[in-house]
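[1] Okay, here's the prediction I keep looking at, along with the sequence it came from:
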Amino acid sequence: MSMRSISLRALPAILALALTAGTAPLSATSYVMVSDEALVDTAPVAAVVRVVSEDRAAALHREGGPAAVTEYMVQVEEALKGEIPGGTAIVRMPGGRGRDGMSLKIYGLPRLRSGERALLFLEPAGDGTWRVVHLLLGAFREVEEGGRHLAVRNLNEAREVRKTPAGVETAPGSDRVRDFDGFARWIADRARSVRRAADYYVKADDGGGMGQATGQYRLFEDPDDGHNLRWFEFDTAGFINWKAYNTGQTGLTGGGYNEFQAALQVWNAEAQTPVDYRYTGKTNDKSGLDEYDEINTIVFNDPNAELPAFNCITGGVLAYGGPWYYQETNGFQGKQYHRIANADVVINDGLACFFAGSPNALQAAVELFGHELGHTLGLNHSCGDSGSSDPGCADGTHDEALMRAYIHDDGRGGAINSDDEAGLRALYKLGGSANAPEAPTNLTAAAESTTAVELSWSDNATNETEFRIEVRSLTGDFADIGSVPANTTSAVVEELAEATGYVFRVKAVNAAGSSGYSNEATAATNGAIAPCVAGANIVCLNGGRFRVQVAWKTGAGEEGVATSVPVGSDDSALLWFFNASNWEMLIKVLNGCSLTNNYWVFFAATTDVQFVVTVTDTQTGMVKTYLNPQGISADAVTDTGAFPTCP
């Protein structure tokens, strides 16, 4: 594709893409504490290791497997239980730089550094690598503090859920600090069936400085460059779709679908930000965090066994999740951010016992889901982290926040307060900027020929150096196709496919970064002016003037072109996708010239697969396209302004 600029403004306007996971996700990571005794008894291997190397881009070097993983090469210094053949192992953890320029960050999981020592509980991953037992619960870093060597497990970004006689209670992730060598000796003894009391804990008054060692923050950051994360779609009246895995959540009446929709509305209701999360139904997609799939999904009951098995007696991880985001940054109001592209949450299997213990499981679910959605927006905990400025939530405003590190579980559901609003507005409230340019608006697109579309927009900035233009097909991803100079208000995109629908967007750029995107504009290139020739997959309507074709694609990737059913009508047609006896669509092109001076396009389809309807006026070459997204039950279309090409 190429572009040519066709119109320059004479006067200044009035002043006005690699992914990473960084927002937390199903509340960062939620877990039920596993005792040290259970860790030793259930882990095949426990060892003191030295980290030799860290590879956050391991997925790029392997065929198949998870889309984003970090691999650590470790050298065993002391085997406490079991054996690692050869004394060297590759330990794999979810998250890291992924394929197609994307990355994933799971908050709450440990990050080991080259050269440091760690005490790890390990189990085989089944592919020659190893994984940490119970993810974050089975990894202890060695930290030197005050002359002592301590075994530290950073649970600040996670949330602990406890089952008590009164029900389920949730608390900020925290942990007792252990003496590293004393803990290792105790593990080795227990592995040899020598049972003795745990004598390795460091007293509370000996733990000075550990809050600094574990750290805290309120907006999620990229672990490499410290930039915060946000969605950019909201800036131009865009929205983000969410789906729920079609099994439903075990332990919640109705599967938790209503509660998830209520949680989405919690953040949409904030009046000063343009956040717009939308529920678009169920999906059979269960990729979760194994593979980037462009679908924002809450996946129930861990169908891919991504998480170590949960045990109602000994505990384990309840859920994990995170957003995928681009590695490059974009400007928003003078500051650089990573752009969130997708978010997924995976809930472990076997959790019915915990929901059963809640005094109001459905309201607790709304609060839990709302909290986790706050993480997907880029928010961290307001208080309750052991390393934060308010670890005990002594401040009343922090304590009442939805983003408190642990849910209230008192029947309030998903209400947000002023602290939640302040965090959301810091990321999303629109306003002027002295550095980054203002976003262009009023983008329109119109076909110029069979291979070109003309774009026009309003330039609202006085400090841009260029405009970047992006395009996608109706069912594809946006791609940057080049730039036009500052003060340009229109351009022609060329070398497009004939009779094809496209979506366009524009952003302004300068040295400080880029603006948000303009609104999206859709147009189809013209078709050839030639008689319509009917065939099995082509329908000619209204005296043969209008050529109709429908392309379809299933969620499993099967695709084809709809086949017509002989009906003997001049203005209407029936079509089938999969089976000649199973008709999917009725479509008609009507002459409405006497009423609206337009030809009308009406159709109705009884399907939820993706399809694109392409209608071409063979006398003028004008084309109209209509998309039904994958997994959405098709709405009836009554377009009475489709073709202003009368007579």
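    Thanks, I have it. Numbering: from 1, shown residues only.

[2] Keeping just the C-alphas, turn the helix or strand hosting residue 77 into PDB.
    For residue 77, the host element (DSSP states H and E) is strand 69-81. Taking Å, rounded to 0.1, in the frame of the first residue of the first chain, the C-alpha atoms of strand 69-81 are listed here in PDB:
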ATOM      1  CA  VAL A  69       7.600 -17.700  28.800                       C
ATOM      2  CA  THR A  70      10.700 -16.900  30.800                       C
ATOM      3  CA  GLU A  71      13.300 -19.600  31.200                       C
ATOM      4  CA  TYR A  72      16.000 -19.700  33.900                       C
ATOM      5  CA  MET A  73      19.100 -21.900  33.700                       C
ATOM      6  CA  VAL A  74      20.000 -22.900  37.300                       C
ATOM      7  CA  GLN A  75      22.900 -24.800  38.700                       C
ATOM      8  CA  VAL A  76      22.200 -27.000  41.700                       C
ATOM      9  CA  GLU A  77      24.400 -26.100  44.700                       C
ATOM     10  CA  GLU A  78      22.700 -28.400  47.200                       C
ATOM     11  CA  ALA A  79      20.000 -31.000  46.600                       C
ATOM     12  CA  LEU A  80      17.600 -31.000  49.500                       C
ATOM     13  CA  LYS A  81      15.100 -33.500  48.100                       C
END
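
[3] Please shift the residue numbers so they start at 22 in all later answers.
    Yes, from this point I'll number from 22; that puts the last item at strand 90-102.

[4] now for whichever helix or strand comes after it, which elements pack on it?
    Next helix or strand after strand 90-102 toward the C-terminus (DSSP H and E): strand 109-115. Secondary-structure packing of strand 109-115 (3 or more CB pairs under 8 Å, 6 or more residues apart in numbering; DSSP states H and E): strand 90-102, strand 138-145, strand 151-153. (C-beta placed from N, C-alpha, C; glycine too.)

[5] ok, and what's touching the strand holding residue 98?
    If you take CB atoms under 8 Å, 6 or more residues apart in numbering as the criterion, strand 90-102 is touched by 61, 64-77, 79-80, 105, 108-117, 132-133, 138-141, 150, 205, 208-209, 212.

[6] Out of those, which end up buried?
    The neighbour-count criterion (16 or more other CB atoms under 10 Å) marks 61, 64, 66-70, 72, 75-77, 79-80, 105, 110-117, 132-133, 138-141, 150, 205, 208-209, 212 among the contacts of strand 90-102 as buried.

[7] list the buried ones in stretch 593-613?
    Going by neighbour count (16+ other CB under 10 Å), the buried part of stretch 593-613 is 593-596, 598, 604-613.

[8] Repeat that for stretch 305-320.
    306-314, 316-320.

[9] Could you list the buried residues of the strand or helix carrying residue 170?
    If you go by DSSP H and E, residue 170 is part of strand 169-173. Neighbour counts using 16+ other CB under 10 Å place 171, 172, 173 of strand 169-173 among the buried residues.

[10] can you check stretch 638-648 too?
    By neighbour count with 16+ other CB under 10 Å, stretch 638-648 contains the buried residues 638, 639, 642, 643, 644, 645, 646, 647, 648.

[11] Tell me which of these fall in strands.
    Using DSSP state E, the subset of the buried residues of stretch 638-648 located in strands is 638, 644, 645, 646, 647, 648.

[12] ok, the first one touching residue 567?
    Which is residue 638. Yes: using CB atoms under 8 Å, residue 638 makes contact with residue 567 at a distance of 6.0 Å.

[13] Overlap in contacts, those two.
    Contact criterion CB under 8 Å, 6+ apart; residues shared by residue 638 and residue 567: 620, 664.

[14] if we can go back for a sec, so which of the buried residues of strand 169-173 is the closest to residue 527?
    Lowest distance from residue 527 to the buried residues of strand 169-173 (CB to CB) belongs to residue 173, with 48.7 Å.

[15] related to what we said a few turns ago, single out whichever of the buried residues of strand 169-173 has the smallest pLDDT.
    Note: of the buried residues of strand 169-173, the lowest pLDDT belongs to residue 173, at 83.

[16] That residue and residue 165, how far apart?
    10 Å (CB to CB, to the nearest Å).

[17] now swap in residue 486 and tell me
    Computed with CB to CB, the distance linking residue 486 and residue 165 is 49 Å.

[18] List the pairing partners of the longest strand along the chain within its sheet, with orientation.
    If you go by DSSP E, the chain has its longest strand at strand 337-353. The strands beside strand 337-353 in its sheet (DSSP bridges) come out as strand 50-53 (antiparallel), strand 123-125 (antiparallel), strand 356-368 (antiparallel).

[19] if you average pLDDT over the longest one, what comes out?
    Computed over strand 356-368, the mean pLDDT rounds to 84.

[20] Just the angle for that strand relative to strand 109-115, thanks.
    Taking axes from the mean of the first three to the mean of the last three CA atoms, to 10 degrees, strand 356-368 and strand 109-115 form an angle of 100 degrees between their directions.

[21] After strand 356-368, which helix or strand is next?
    Taking DSSP H and E, what comes next after strand 356-368 is helix 373-377.

[22] Going by neighbour count, which residues of that next one are buried?
    374, 375, 376.

[23] repeat for stretch 323-332
    Across stretch 323-332, burial judged by 16+ other CB under 10 Å covers 323, 327, 328, 329, 331.

[24] Can I get it in PDB, CA atoms only?
    C-alpha atoms of stretch 323-332 as PDB (Å, rounded to 0.1, in the frame of the first residue of the first chain):
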ATOM      1  CA  ASP A 323      -8.300 -23.900  33.900                       C
ATOM      2  CA  PRO A 324      -9.100 -26.300  31.000                       C
ATOM      3  CA  ASN A 325      -5.500 -26.300  29.700                       C
ATOM      4  CA  ALA A 326      -4.000 -27.200  33.100                       C
ATOM      5  CA  GLU A 327      -1.900 -24.100  33.000                       C
ATOM      6  CA  LEU A 328      -1.800 -23.900  36.800                       C
ATOM      7  CA  PRO A 329      -0.600 -26.500  39.300                       C
ATOM      8  CA  ALA A 330      -3.400 -28.500  40.700                       C
ATOM      9  CA  PHE A 331      -5.400 -26.800  43.500                       C
ATOM     10  CA  ASN A 332      -6.100 -28.800  46.700                       C
END
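
[25] Identify all contacting residues around that stretch.
    Stretch 323-332 is contacted from outside by 53, 115, 144, 152, 154-156, 266, 268, 307-311, 337-341, 367-372, using CB under 8 Å, 6+ apart.

[26] Model confidence score at residue 427, please.
    68.

[27] Also the one 5 residues further on?
    If you check residue 432, the pLDDT there is 79.

[28] and what of residue 315?
    84.

[29] same check, this time on the one 3 residues further on
    The model reports residue 318 with a pLDDT of 90.

[30] wait, what's in contact with it?
    Applying CB under 8 Å, 6+ apart, the residues near residue 318 are 263, 264, 265, 266, 304, 306, 307, 308, 309, 365, 366.

[31] Centre-most residue in this protein?
    In the chain, the residue lying closest to the centroid (CA atoms, centre = their mean) is residue 364, at 1.6 Å.

[32] Beta-bridge partners for that residue, please?
    residue 344.

[33] Output the below-cut-off pLDDT ranges for the stretch 222-371 of the chain.
    Within the stretch 222-371 of the chain, the segments meeting pLDDT under 70 span 224-239, 244-245, 333-339, 342, 355.

[34] Would you list the buried entries among the contacts of stretch 323-332?
    Among the contacts of stretch 323-332, those classed as buried by 16+ other CB under 10 Å are 53, 115, 144, 152, 154-156, 266, 307-311, 337-341, 367-369, 371-372.

[35] Centre of the chain to the strand holding residue 170, how far?
    Counting by CA atoms, centre = their mean, to the nearest Å, strand 169-173 is centred 36 Å from the centre of its parent chain.

[36] So which other helices or strands are in contact with it?
    If you count contacts as 3+ CB pairs under 8 Å, 6+ apart, strand 169-173 packs onto strand 160-166, strand 199-200, helix 201-212, helix 231-235.
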